[in-house]
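*Asks:* structure of the sequence below:
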Amino acid sequence: MSPKEKIDSLRDKIDYLDNQILDFLLKRFSISKQIGEIKASNNIKIHDPNREKEIIEHLANKLDGKLNKEDIASIFDPVYKISKKFQKNK
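*Replies:* Residues are numbered from 1 along each chain as shown. So this is what the prediction gives:
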């Protein structure tokens, strides 16, 4: 197998994973919307920085050094931002 074929094969795997990531994110955002509806009907603030910190801490502990906390936060900060938009759009 040539280097280009190897790269193409690996890129196909990345494409597959990217599609799965998006599918999971859409599921996550759907759940966020449901949470937003509950928060709105109970007059609860959308923004919960403690929850965001809990998630980062949990993931950092779970990954046990495979990805540092700052990188995890960098990945999830945009996810939180989009999730909050879904929560606001009832």
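*Asks:* make it CA atoms for all contacts and neighbour counts henceforth
*Replies:* Noted.
*Asks:* per-residue pLDDT, the residue lying closest to residue 80 once chain neighbours are set aside?
*Replies:* Leaving aside its sequence neighbours, residue 80 sits nearest to residue 52 (C-alpha to C-alpha, 6 or more residues apart in numbering; 7.7 Å). Looking at residue 52, its pLDDT reads 95.
*Asks:* can you tell me the element residue 52 falls in?
*Replies:* Using DSSP states H and E, residue 52 maps to helix 49-63.
*Asks:* buried set for that helix?
*Replies:* By neighbour count on 16 or more other C-alpha atoms under 10 Å, the buried set for helix 49-63 is 56, 59, 60.
*Asks:* what's the closest of the residues you listed to residue 77?
*Replies:* residue 56 (9.8 Å; C-alpha to C-alpha).
*Asks:* that older thread, any idea how far residue 16 is from the residue nearest to residue 80?
*Replies:* 28 Å (C-alpha to C-alpha, to the nearest Å).
*Asks:* residue 75 now?
*Replies:* 19 Å.
*Asks:* same check, this time on residue 6
*Replies:* 16 Å.
*Asks:* once you drop chain neighbours, what's closest to the spatially most central residue of the chain?
*Replies:* Geometric centre of the chain, nearest residue: residue 79, 4.6 Å, by C-alpha atoms, centre = their mean. The shortest distance from residue 79 to any non-neighbouring residue, by C-alpha to C-alpha, 6+ apart, is to residue 25 (8.0 Å).
*Asks:* likewise for residue 36?
*Replies:* That would be residue 87: by C-alpha to C-alpha, 6+ apart, it lies 3.8 Å from residue 36.
*Asks:* got a list of what the one you found touches?
*Replies:* Residues in contact with residue 87 (C-alpha atoms under 8 Å, 6 or more residues apart in numbering) are 32, 33, 34, 35, 36, 37, 46.
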